[in-house]
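**Q** this one's structure only:
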C-alpha cells in the first residue's frame, strides 16, 4: 500500500466532498461554472508545472496522449452532468447516486488491470453502496417530489466519472502536472462553443470568489492529488476511497446547515467507513502475501 498516494487520494476526496455546497454559491449554471473551473485550474496547474521544474523532464508518449484526450473528454462530461444534477436535485441525493462510479471501476478494472475481484471485496463494496443509499434516504425515492432528471444526470455523471478514473490510471509516464494541465486545456477548447459568456457579467464579488475557489482548490489542487493517487493505487482501493466524498458531503451538511441525519443516514455513514477500512486492510494483506510469495520464489 502506497501510504502517500492513499493520503493524497483521501484528501482529494475530502475536499471534493464540499464542491456541491460551493457550486451553489457561485451563481453560475453548470456549463459556465465548469468553464471557470477549467480556466482557473489550467492557470494553477501550468504555474505549478513551471515552478516544480517537471516540464524539463517530461516524457511524452503518443499512446498516453490519446488516454489524456479521452480522460479530459470523459472528465468534462462528468462535471457537466454532475453540476446539472445539482441544479435538479439536492447535493446529498446527487452525490450519493454519483457514487455508482466505484462499482463501474471495480468491475471493469478487474478485467482491464487483471486485479482479482473476490466475493469479500464485492461484499465490502456493497456495504459502501448500501451506505450511500441509506444517506440518500430510501423513503425519498418513492416521493412524488423526487427529481428524476437529477437522478439521471447523476448516474450519467457516474459513468463518465468511472471512465475518467480508468483512463487516468492508464497514464503513468506523463507527469501529473502535465496530465492535469492538458486535460484542463482540452476541456476549455471543447467547451468554449457552448459557454454563455454574458452569464459572467451579472456575478458579484462574492460569487466570483467562490467560482475561482472551486477552480483553484476543488479542481486544480484536487486533481493533482487525485491523479497521483490513481496511478499509485490498485483499482479496488481507488473504488472504495471515493466513498469518502459522500461521507464528507453529509457531514458538511450537518455542520454548515440545520440538517440532522436520521438513524438510517447515520448507519449509512458507518457502513461506508466500515467498507473503506475493510478494503484497505484486505489490500495490505494481499500486498504482504504477494511480497512473501515473491520472497519464496527468489529463495527457490
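**A** Received the coordinates, thanks. Keep in mind that this is a model prediction, so the values were computed, not measured.
**Q** and the strands in the protein, which stretches?
**A** Ranges of strands in the chain, per DSSP state E: none exist.
**Q** quick one, helices of it?
**A** 3-16, 19-23, 30-52, 62-88, 91-98, 101-112, 119-136, 148-169, 176-191, 205-215, 222-232, 235-241, 244-256, 263-299 (DSSP state H).
**Q** from the chain's centre, how far out does the fifth one sit?
**A** Put plainly, it is helix 91-98. Counting by Cα atoms, centre = their mean, to the nearest Å, helix 91-98 is centred 13 Å from the centre of its parent chain.
**Q** what's the least confident helix or strand in this structure, going by average pLDDT?
**A** Ranking every helix and strand in the chain by mean pLDDT, DSSP states H and E puts helix 263-299 at the bottom, with a mean of 64.
**Q** as JSON lines, the helices of the chain with distance to residue 199 would be great.
**A** Glycine gets a C-beta too; all of them are placed from N, C-alpha and C. What follows is the helices of the chain, written out as JSON lines (distance: least, Cβ to Cβ, whole Å):
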{"stretch": "helix 3-16", "distance to residue 199": "24"}
{"stretch": "helix 19-23", "distance to residue 199": "14"}
{"stretch": "helix 30-52", "distance to residue 199": "5"}
{"stretch": "helix 62-88", "distance to residue 199": "13"}
{"stretch": "helix 91-98", "distance to residue 199": "21"}
{"stretch": "helix 101-112", "distance to residue 199": "29"}
{"stretch": "helix 119-136", "distance to residue 199": "31"}
{"stretch": "helix 148-169", "distance to residue 199": "19"}
{"stretch": "helix 176-191", "distance to residue 199": "13"}
{"stretch": "helix 205-215", "distance to residue 199": "11"}
{"stretch": "helix 222-232", "distance to residue 199": "24"}
{"stretch": "helix 235-241", "distance to residue 199": "35"}
{"stretch": "helix 244-256", "distance to residue 199": "26"}
{"stretch": "helix 263-299", "distance to residue 199": "35"}
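**Q** wait, doesn't residue 121 sit right on residue 106?
**A** Yes: applying Cβ atoms under 8 Å as the test, residue 121 and residue 106 come out as touching, 7.3 Å apart.
**Q** overlap in contacts, those two.
**A** Residues touching both residue 121 and residue 106 (Cβ atoms under 8 Å, 6 or more residues apart in numbering) are residue 236.
**Q** I'd assumed residue 79 was in contact with residue 156.
**A** No: assessed by Cβ under 8 Å, residue 156 is found out of contact with residue 79, at 11.7 Å.
**Q** which one's more surrounded, the two?
**A** Counted by other Cβ atoms under 10 Å, residue 156 and residue 79 do not tie: residue 79 has more neighbours, with 25 against 18.
**Q** list the contacts of the more buried one.
**A** Shown in contact with residue 79 (Cβ under 8 Å, 6+ apart): 30, 34, 37, 157.
**Q** look up how far residue 228 lies from the first one.
**A** Same thing as residue 30. Plainly put, residue 30 is 27 Å away from residue 228 if you go by Cβ to Cβ, to the nearest Å.
**Q** between the two, who's got more neighbours?
**A** Using other Cβ under 10 Å as the criterion, residue 30 and residue 228 rank with residue 228 on top: 22 against 19.
**Q** quick one: that one from residue 49, how far?
**A** 13 Å.
**Q** low-scoring stretches of the stretch 151-300 of the chain, by residue?
**A** Across the stretch 151-300 of the chain, the ranges flagged by pLDDT under 70 are 235, 239, 250, 253, 257-261, 276-277, 279-300.
**Q** now residue 217: how far from residue 24?
**A** According to Cβ to Cβ, residue 217 and residue 24 sit 16 Å apart.
**Q** pick out whichever of those two has more residues nearby.
**A** For residue 217 versus residue 24, neighbours defined as other Cβ under 10 Å are more numerous around residue 217 (18 against 15).
**Q** apart from its chain neighbours, what residue comes closest to the more buried one?
**A** The spatial neighbour of residue 217 that comes closest, neighbours along the chain excluded (Cβ to Cβ, 6 or more residues apart in numbering), is residue 15 at 6.5 Å.
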